[in-house]
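S.K.: quick one, structure for this:
(4 chains)
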There are 2 protein chains.
Amino acid sequence: MANIRDIAKYADVSVTTVSRVLNEHPYVSKEKRERVRRAMAELGYLRNQQALTLSTGRTQRFVVVLPYLDHPYYGLFVNGLAKAALQRDYRLVMWQTEYQLDQERQALDLLKHREVDGAILLSHTMTFDEMETYRQFGPIAVATVGAPQTISSVHVDHYTAFVAGLRVLAQAGYAEIGIVLSRQDSPSSIARQQAYFDEVELARERWVWTGYLTSEDGIGLADSFLRQQERPRALFFSSDYVALGFLGELRRRGVSIPDEIAILGFDGHPIGQAFGLSTMHSPNEDIGRTLFDVTFEEMNGAASVTNSLTVTYLPGTTL
Amino acid sequence: MANIRDIAKYADVSVTTVSRVLNEHPYVSKEKRERVRRAMAELGYLRNQQALTLSTGRTQRFVVVLPYLDHPYYGLFVNGLAKAALQRDYRLVMWQTEYQLDQERQALDLLKHREVDGAILLSHTMTFDEMETYRQFGPIAVATVGAPQTISSVHVDHYTAFVAGLRVLAQAGYAEIGIVLSRQDSPSSIARQQAYFDEVELARERWVWTGYLTSEDGIGLADSFLRQQERPRALFFSSDYVALGFLGELRRRGVSIPDEIAILGFDGHPIGQAFGLSTMHSPNEDIGRTLFDVTFEEMNGAASVTNSLTVTYLPGTTL
DNA sequence: ACTTGCTCTGAAACGCGTTTCAGACTGTAC
DNA sequence: GTACAGTCTGAAACGCGTTTCAGAGCAAGT
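M.R.: Okay, here's the model as predicted:
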């Protein structure tokens, strides 16, 4: 494998000159530039990215932290991230945490050890206090609310977003509303419950279901829901996938939707449309794109930012 | 940022000794080991991964190439890859190609430039001949069939798999069968068509639909399908997502399934169960895991392998 | 007493591209 | 004729951890 010194020798110039040709520095005579070019072609020179990385201190990589790589909820975020990364010639190292704190720490250790230039957390269980201890090693951006000054944030405010969804339900004439959330104690679940109790007059503790993450969980909910005595007339899900599982199972059992139970999802993932799911659309792809850009800019000296986006109602036939 | 030389000076030992402590080499006296440990703690030493990478020539990274990061079809592969990577302390650089040949080339260029140790292609449009030109730069593994000797392959054979699915349909009593495929000219689509015409007596050209990738495509199919004069009695989809979109749309229109039209999917993705989709289960997570392992072993000198896995019928209510 | 074989240590080279700095040279301006 | 600015060039240092090699010290084996 020819390196820059071999090329220099072969073309009878200094390594500096070769480096200049590589980087298209103007101060190289036509003749030497040509000689170097030819030498590179003849020896099959390939620039060693590792050496470049060590030398410049830039890895051209960000680590992207998320609980599950294969959870469709994160798909659109990741898509936005990937598109932005491509534009800047950056690579994304994906890090699956399965909600394990130590996995999050390992991901941020990449930052410490200069394996990546920055970190983008689509989800985190770590406290912001701990997260800030990593800030000195590179820019960090999160897709969640409540980040401190030093940490960039691009997110939808789940309280506001949930209020918006609950009002859509209210306007459609539903007063008895239940909500189906993901992890019990996640910040977003807490915010959503808060919104529920603040906004819905007939809100009830037992109409709050937590621990529903996947479409299978949604199927599972059908049974326990139908067995319940006093049921809400509408269910607001924090995820389209859970809503879809529930919807599919109910339709299969011949339950009429929305006559017996109305369903509102949250995400606006394309697959929901296939089933006519009414949902609150969250601009996740934009968030992904912006998260990348923000992190990139911050690496180049820009200040950290907080960017709150809003959700919109995407009508279907389940409401 | 303290480096290894700073530590050496502070602990009054050579850099070699520091390196030995870092790598837990036994030939270091207790006393010096202790001094080095203390120096590292006091100066807050953090090993620079970039330097290590340049020095050892190992990046601890593989690039994973796939058309869309957010296509749920690849989710289970990626999940398997991620789990295997975690075990070996490897990172995955995800590369989205959108089926663009030049994106595939860019991904493999990472290999050329020593930015990754190996490449795993879940999908590719590149010919194997071209792919082989990259082989000299590191191990390559694909999830597709037909790879040459030098390139590892872990896959389901789509011809065999499709024959299996078609026989499931035949055994269930369906003779008039149509198939719905993804990209027209992809090797897997070609193999599937071959299987169709070889296996199904009543196979017809116009019962082959191509270009269906997403659940939305499945919705779109419903209309043109229902308008067709002579319809097959069963549809075999090459993707659960397309099948689900189609299924959802038909159910919404009140078409009785499987009485009017039977549906068989392909993948066995969990979300299919929510809707009772009958499907051929493909062990994609295993494939992902094995792809990683194979690439890893090959990097350590093992020979390339070809590993063909089989699909199994996963009953639902749509058949 | 003498070889053999560990254990321990560190100087120097290595991987490889970039950057700094000093110097030479040419051309233009005054 | 002298300055100054711009062009071109290369030696050396830099980023930083690993590896090779040579050598010293010491104990066990014959």
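
S.K.: surely A:Gly268 touches A:Glu285?
M.R.: No. Between A:Gly268 and A:Glu285 there is no contact under CB atoms under 8 Å: 10.0 Å. From N, CA and C alone the C-beta is placed, and that goes for glycine too.

S.K.: residue contacts, A:Gly288?
M.R.: For A:Gly288, the contacting residues are A:76-84, by CB atoms under 8 Å, 6 or more residues apart in numbering or on different chains.

S.K.: quick one: secondary structure of it?
M.R.: Here A:Gly288 is helix, with the state taken from DSSP: H, G, I helix; E, B strand; the rest coil.

S.K.: distance of it relative to DNA strand C?
M.R.: Distance of A:Gly288 to DNA strand C, computed by CB to the nearest atom of the strand, to the nearest Å: 30 Å.

S.K.: next, count neighbours for the nearest residue to A:Met126 once chain neighbours are set aside.
M.R.: Distances taken as CB to CB, 6 or more residues apart in numbering or on different chains place A:Glu104 nearest to A:Met126, at 5.0 Å, with adjacent residues excluded. Neighbour count for A:Glu104, taken as other CB atoms under 10 Å in any protein chain shown: 23.

S.K.: and for A:Ala8?
M.R.: A:Ala8: 18 neighbours (other CB under 10 Å).

S.K.: that one and A:Arg20 touch, don't they?
M.R.: No. In this structure, A:Ala8 is not within contact of A:Arg20 by CB under 8 Å, at 11.0 Å.

S.K.: mind listing the strands for the stretch 201-319 of chain A?
M.R.: A:208-209, A:234-237, A:262-267, A:278-281, A:306-309, A:312-314 (DSSP state E, counting those that start in this stretch).

S.K.: what's the second one packed up against?
M.R.: Read it as strand A:234-237. Strand A:234-237 is packed against helix A:158-171, strand A:177-180, helix A:240-252, strand A:262-267, with contacts defined by 3 or more CB pairs under 8 Å, 6 or more residues apart in numbering or on different chains; DSSP states H and E.

S.K.: could you chop chain A up by domain?
M.R.: For chain A, automatic domain parsing gives the domain ranges A:4-47, A:59-155+A:284-308, A:158-281.

S.K.: quick one: is stretch A:216-227 near chain B?
M.R.: Yes. On the criterion CB under 8 Å from any CB of the partner chain, stretch A:216-227 is in touch with chain B at A:216, A:218-219.

S.K.: please point out which parts of that stretch sit buried.
M.R.: A:216-222, A:225 (16 or more other CB atoms under 10 Å in any protein chain shown).

S.K.: contact partners of it?
M.R.: Contacts for stretch A:216-227 (CB under 8 Å, 6+ apart): A:180, A:209, A:211-212, A:231, A:235, A:237, A:241-250, A:253, A:255, A:261, B:270-271, B:273-274.

S.K.: go again with 7 Å.
M.R.: A:180, A:209, A:212, A:231, A:241-246, A:249-250, B:270, B:273-274 (CB atoms under 7 Å, 6 or more residues apart in numbering or on different chains).

S.K.: next: stretch A:231-241.
M.R.: Stretch A:231-241 is touched from outside by A:72-73, A:165-166, A:169, A:174, A:176-182, A:192, A:207, A:214-215, A:218, A:225, A:243, A:261-267, A:269, A:272, A:277, A:279, B:271, with contacts defined as CB under 7 Å, 6+ apart.

S.K.: so which of the residues you listed are also by DNA strand D?
M.R.: Among the contacts of stretch A:231-241, not one lies near DNA strand D by CB under 7 Å from any atom of the strand.

S.K.: for the residue nearest to A:Met126, which three-state class applies?
M.R.: helix.

S.K.: likewise for A:Ala2?
M.R.: Under three-state DSSP, A:Ala2 falls in the coil class.

S.K.: cool, and A:Leu81?
M.R.: helix.

S.K.: okay, now it: neighbour count?
M.R.: 32.

S.K.: same question, A:Arg105
M.R.: 14.

S.K.: same thing with the one 4 residues further on?
M.R.: If you count neighbours by other CB under 10 Å, A:Asp109 ends up with 16.

S.K.: now swap in A:Glu24 and tell me
M.R.: By the criterion of other CB under 10 Å, A:Glu24 has 8 neighbours.

S.K.: dihedrals phi and psi, it?
M.R.: Backbone torsions for A:Glu24, taken as degrees, to the nearest 10, come to phi 50, psi 40.

S.K.: also A:Ala141?
M.R.: According to degrees, to the nearest 10, A:Ala141 has phi -130, psi 140.

S.K.: mind listing what it touches?
M.R.: Applying CB under 7 Å, 6+ apart to A:Ala141 gives the contacts A:120, A:152-154, A:291, A:294-295.

S.K.: lowest-confidence one in the contacts of A:Gly288?
M.R.: For the contacts of A:Gly288, the model is least confident at A:Leu76; its pLDDT is 90.

S.K.: could you find the closest non-adjacent residue to it?
M.R.: Using CB to CB, 6+ apart, the closest residue to A:Leu76 is A:Asn284 (3.8 Å).

S.K.: got a pLDDT number for A:Ser186?
M.R.: 84.

S.K.: can you check A:Asn300 too?
M.R.: pLDDT, read off for A:Asn300, is 89.

S.K.: likewise for the one 10 residues further on?
M.R.: At A:Thr310, the model reports a pLDDT of 94.

S.K.: identify the residues contacting it.
M.R.: With CB under 7 Å, 6+ apart, A:Thr310 has these contacts: A:Val156.

S.K.: that one and A:Ile177, how far apart?
M.R.: According to CB to CB, to the nearest Å, A:Thr310 and A:Ile177 sit 21 Å apart.
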